[in-house]
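Asker: Following is a predicted model, sequence given first.
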Amino acid sequence: MTADKNASPQLTVFIGSLEEKSDEFYRKNKNILPHIARVLLVATFLEDGLRILTQFEMQRRYIAGVWACGLFVSSALIVISVFCQLVPAGLILFRRYVDVACLALIFEVFFQRFIYNIAWDEMIPNEFARIGAVLLLLAEACNDANAVPILYKAADHYVDLQNLTNWLQLAGRVFLAFSVEFGITPLQIIKLIVGFSLAILIIIGYKTKLSATVLACWLTLFNFYKVISGWMHNEIMEILIYGFFLNITVVGGLLNVIALGPGTKSIDSKKKYW
């Protein structure tokens, strides 16, 4: 019993020490974290858009076969898909019309599933995770009138921008939780337990920055492990690379959580009034 009683205070002290060190890290890097987050967040869209361009002939023939629509129509669909990835990614990186760019990226997530006729029960968690990262990016951009000029104009008449930002942060955290992968091997089960536990803390906004930091490191570790372990299997490399950049985008979303904090829709925020 004595050991059990001592364990809890020791754990509390350990977590408190981690929070202090992480807070110090955030303060020192608060100006650079959002920039890194943006680069990581658009990584999957840049990779996918450029890959489709390099495989343009193969992609347009595939879509033409799926929809029996002819090469002209399939080419137009691919051009729209590439445009809706590369152009918004560029706008986000240069902080121009981020509100429009984020909407375009969300549209692209669904548009791509449509043109490739992907079943809606396949890869849905991954798509939700990407949408969550985009929503967090939009929430971060709401602090800059030059980055979201349309939202700022709407805020004069129709939108409570601060309230919208808080809801975007909450929705983004919830969608990011879909990045947790299920599996049946011992390693996958450990990854699921750790990832799911951290995701729940991020969703409810409890010790949010620390939880997001640990989950970002956890995902990065397994991201590189998965690619390195499957490097010799050429038949699945394209899937592994897609998953790699998808997880990079999720890490970018987590960095936005770290940079922004949880917002008012969180336990961390409510604790100030307890």
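Answerer: Looks like it arrived, so ask away.
Asker: end-to-end on stretch 178-194?
Answerer: 14 Å (CA to CA, to the nearest Å).
Asker: For that stretch, which outside residues touch it?
Answerer: Outside stretch 178-194, the residues that touch it by CB atoms under 8 Å, 6 or more residues apart in numbering are 124-126, 128-129, 132, 195-196, 199, 218-219, 222, 247, 250. All C-beta spots, glycine's among them, are computed from the backbone N, C-alpha and C.
Asker: switch to 10 Å and redo it
Answerer: Contact with stretch 178-194 is made by 124-133, 195-200, 214-215, 218-219, 221-222, 225-226, 243, 246-247, 249-251, 253-254, as judged by CB atoms under 10 Å, 6 or more residues apart in numbering.
Asker: repeat for stretch 10-18
Answerer: Applying CB under 10 Å, 6+ apart, the contact partners of stretch 10-18 are 207, 210, 213-214.
Asker: mind checking which helix or strand the closest residue to I63 other than its chain neighbours is in?
Answerer: Leaving aside its sequence neighbours, I63 sits nearest to S74 (CB to CB, 6 or more residues apart in numbering; 3.9 Å). For S74, the element it lies in under DSSP states H and E is helix 71-93.
Asker: pLDDT of the helix or strand where V134 lies, averaged?
Answerer: Using DSSP H and E, V134 maps to helix 124-141. Mean pLDDT, helix 124-141: 87.
Asker: quick one on the thing from earlier: list the buried residues in the helix holding S74.
Answerer: By neighbour count on 16 or more other CB atoms under 10 Å, the buried set for helix 71-93 is 74-75, 77-78, 81-82, 84-89, 91-93.
Asker: do stretch 203-219 as well
Answerer: Neighbour-count burial for stretch 203-219, counted by 16+ other CB under 10 Å, picks out 203-216, 218-219.
Asker: for the residues you listed, which one is nearest A141?
Answerer: A212 (18.3 Å; CB to CB).
Asker: For that closest one, identify the helix or strand it belongs to.
Answerer: Secondary structure from DSSP H and E places A212 in helix 208-229.
Asker: so what secondary structure elements neighbour that helix?
Answerer: If you count contacts as 3 or more CB pairs under 10 Å, 6 or more residues apart in numbering; DSSP states H and E, helix 208-229 packs onto helix 2-29, helix 33-41, helix 161-176, helix 186-204, helix 237-260, helix 267-270.
Asker: Please convert those helices to a markdown table, extending it with distance to E140.
Answerer: Shown next, in a markdown table, are the helices and strands packed on helix 208-229 (distance: least, CB to CB, whole Å):
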| stretch | distance to E140 |
| --- | --- |
| helix 2-29 | 14 |
| helix 33-41 | 6 |
| helix 161-176 | 9 |
| helix 186-204 | 16 |
| helix 237-260 | 5 |
| helix 267-270 | 17 |
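Asker: that older thread, from the chain's centroid, how far away is the helix holding V134?
Answerer: Distance, stretch centre to chain centre, for helix 124-141: 5 Å (CA atoms, centre = their mean, to the nearest Å).
Asker: Just the buried residues of the helix or strand just after that helix, please?
Answerer: Downstream of helix 124-141, the next assigned helix or strand under DSSP H and E is helix 149-155. Buried residues in helix 149-155, counted by 16+ other CB under 10 Å: 151-152, 155.
Asker: again, but for stretch 133-147
Answerer: Applying 16+ other CB under 10 Å to stretch 133-147 flags 133-142, 147 as buried.
Asker: quick check, nearest of those residues to I239?
Answerer: Comparing the buried residues of stretch 133-147 against I239 with CB to CB places A133 closest, at 19.8 Å.
Asker: Please report how far that closest one lies from L219.
Answerer: 12 Å (CB to CB, to the nearest Å).
Asker: which residue packs closest to A259, ignoring adjacent ones?
Answerer: Spatial nearest neighbour of A259, chain neighbours left out: L33 (4.2 Å); criterion: CB to CB, 6+ apart.
Asker: Actually, N247.
Answerer: Nearest to N247 is N223, by CB to CB, 6+ apart, at 4.3 Å.
Asker: cool, V250 as well?
Answerer: Spatially, and ignoring its direct neighbours in sequence, V250 is nearest to S179 (4.4 Å; CB to CB, 6+ apart).
Asker: Give me the mean pLDDT for stretch 20-32.
Answerer: The average pLDDT within stretch 20-32 is 80.
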